[in-house]
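Peer 1: A structural model of the following input is requested.
(one chain, ligands or ions: 1)
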Amino acid sequence: MNPALQSHATRSLCDLAPVIPVLVIEDVAHAEPLARALVAGGLPVLEVTLRTDCALEAMAAMATVPGARVGAGTVLSAHDVKRAKAAGATFAVSPGATPALIAACAAQGLPLLPGAATASEVMALLELGYRTMKFFPAGPAGGPALLKGLYGPLPQATFCPTGGVSPQNAADYLSLPNVACVGGSWVAPAKMMAAGDWDGITALARQAASLSR
Ligand SMILES: O=C(O)C(=O)C[C@H](O)[C@H](O)COP(=O)(O)O
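Peer 2: Here you go, the predicted structure:
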């Protein structure tokens, strides 16, 4: 799958909801109720970070939830791409991009939302054919002002800013012409997951899903 097709696929996912939850799942038993809670709140696109031991198993459990579009986050290597694909991930998200990662996603047919934080990184991805990117780490890298600056010379790149995005600043990102959606962990707080507060998570998702863009 070439980068242009990958970007077409990830752009379609970004268009489904204003927020992609970034999920750190410590207990596989949380996976299915968490996915149900987020989908019920209007957030169908779910990024499960490969940062925990049960992440792959969690993805497989979440993929059974009707309406859920499950992908892998923190995908760093060709090995990660293979195991994410095998676990049923339908997309991959990376904090940056490397030739090995890009080759693996093409070979495995897994759409990649590659990370970029500078004009040169964006230009390198555009050269390859990627038009949809993650802007990471959004806050520390320069926030909405940096994206506004990139839009002048590079309007063909569209972003999902992630890292430091919150209910307080999400609207600042979503109002930009080169932002399709934002990513964030705030809709699935560890404490609410541990407490099994799925209704609370649905309420957070509903607020996030109602953000305008
Ligand atoms: O692991 C990855 O590949 C990531 O995507 C990192 C995430 O973007 C941030 O951990 C989410 O940032 P917060 O919403 O500020 O918590």
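Peer 1: what's the nearest residue to Gly200 if we skip its chain neighbours?
Peer 2: Spatial nearest neighbour of Gly200, chain neighbours left out: Met192 (5.1 Å); criterion: C-beta to C-beta, 6 or more residues apart in numbering. Every C-beta, even on glycine, is put in place using the N, C-alpha and C of the backbone.
Peer 1: Now do the strands in this protein.
Peer 2: 19-23, 45-49, 69-73, 92-93, 112-113, 115-116, 132-135, 158-161, 182-184 (DSSP state E).
Peer 1: Now mean pLDDT too, for these, in TSV please.
Peer 2: Listed next are those as TSV, based on pLDDT from 0 to 100:
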stretch	mean pLDDT
strand 19-23	98
strand 45-49	98
strand 69-73	98
strand 92-93	98
strand 112-113	98
strand 115-116	98
strand 132-135	98
strand 158-161	98
strand 182-184	98
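Peer 1: Can you say which of the ones you listed is packed in most?
Peer 2: The highest mean neighbour count among these, using mean count of other C-beta atoms under 10 Å, belongs to strand 112-113: a mean of 30.
Peer 1: for the ligand, what are the nearby residues on the protein?
Peer 2: For the chain, the residues in contact with the ligand (C-beta under 6 Å from any ligand atom) are 22, 49, 51, 73-74, 93, 95, 136, 162-165, 183-185.
Peer 1: Would you mind confirming that Phe159 is in contact with Leu146?
Peer 2: No - with contacts counted by C-beta atoms under 8 Å, Phe159 stays clear of Leu146, the gap being 9.9 Å.
Peer 1: between those two, what contacts are shared?
Peer 2: Common contacts of Phe159 and Leu146 (C-beta atoms under 8 Å, 6 or more residues apart in numbering): Phe135.
Peer 1: Break down the chain into its helices, ranges please.
Peer 2: 3-14, 31-40, 55-62, 78-86, 99-108, 119-128, 138-141, 143-151, 170-174, 190-194, 198-209 (DSSP state H).
Peer 1: What residues sit buried inside the shortest one?
Peer 2: So that's helix 138-141. Counting neighbours by 16 or more other C-beta atoms under 10 Å, one finds that the buried residues in helix 138-141 are Ala138, Gly139, Ala141.
Peer 1: roughly how far out does it sit from the chain middle?
Peer 2: 16 Å (C-alpha atoms, centre = their mean, to the nearest Å).
Peer 1: now the second one
Peer 2: Going by C-alpha atoms, centre = their mean, the spacing between the C-alpha centre of helix 31-40 and its chain's C-alpha centre is 16 Å.
Peer 1: Thanks a lot, see you next time.
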